[in-house]
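1. Here you go, sequence then predicted model.
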Amino acid sequence: MNDHTNIKARLSKKDMSNLERLAKAEDVNTTDALRRAITIASFMLDIRLSSRKLLVENTDGSSQEVLFGSPPFDRE
């Protein structure tokens, strides 16, 4: 049984370039890079909806909050 759904996506050149960059960096195809991006976006949404914070530790030991908002994201 096939548990996948095919989609068509209309991406800007910038979005496609970013997707290809992600795929190359992770040594995966663009479909897998898109799946990973969706998983990360879902994780970040869960954090925001539960009023938690996502922190990044800097090389100097300090930390800062990663801020992310709700769509729509900036578009060209």
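-> In hand now; what should we look at?
2. rest of the way, CA atoms for contacts and neighbours
-> Noted.
3. residues touching the spatially most central residue of the chain, list them.
-> In the chain, the residue lying closest to the centroid (C-alpha atoms, centre = their mean) is residue 37, at 3.5 Å. If you count contacts by C-alpha atoms under 8 Å, 6 or more residues apart in numbering, residue 37 has none.
4. The one 3 residues further on now?
-> Contacts here follow C-alpha under 8 Å, 6+ apart; on that basis residue 40 touches nothing.
5. what does residue 34 give?
-> Contact partners of residue 34, counting by C-alpha under 8 Å, 6+ apart, are residue 19.
6. try 10 Å this time
-> When contacts are counted by C-alpha atoms under 10 Å, 6 or more residues apart in numbering, residue 34 touches 19-20, 22-23, 28, 40.
7. Take these and keep only those in helices.
-> 19-20, 22-23, 40 (DSSP state H).
8. Now do the helices in this structure.
-> 13-26, 30-49.
9. coming back round to it: what is the most widely separated pair among the ones in helices among the contacts of residue 34?
-> By the measure C-alpha to C-alpha, 20 and 40 form the most distant pair in these, at 16.6 Å.
10. shaky segments in this structure?
-> Counting by pLDDT under 70, the chain contains low-confidence ranges at 1, 69-76.
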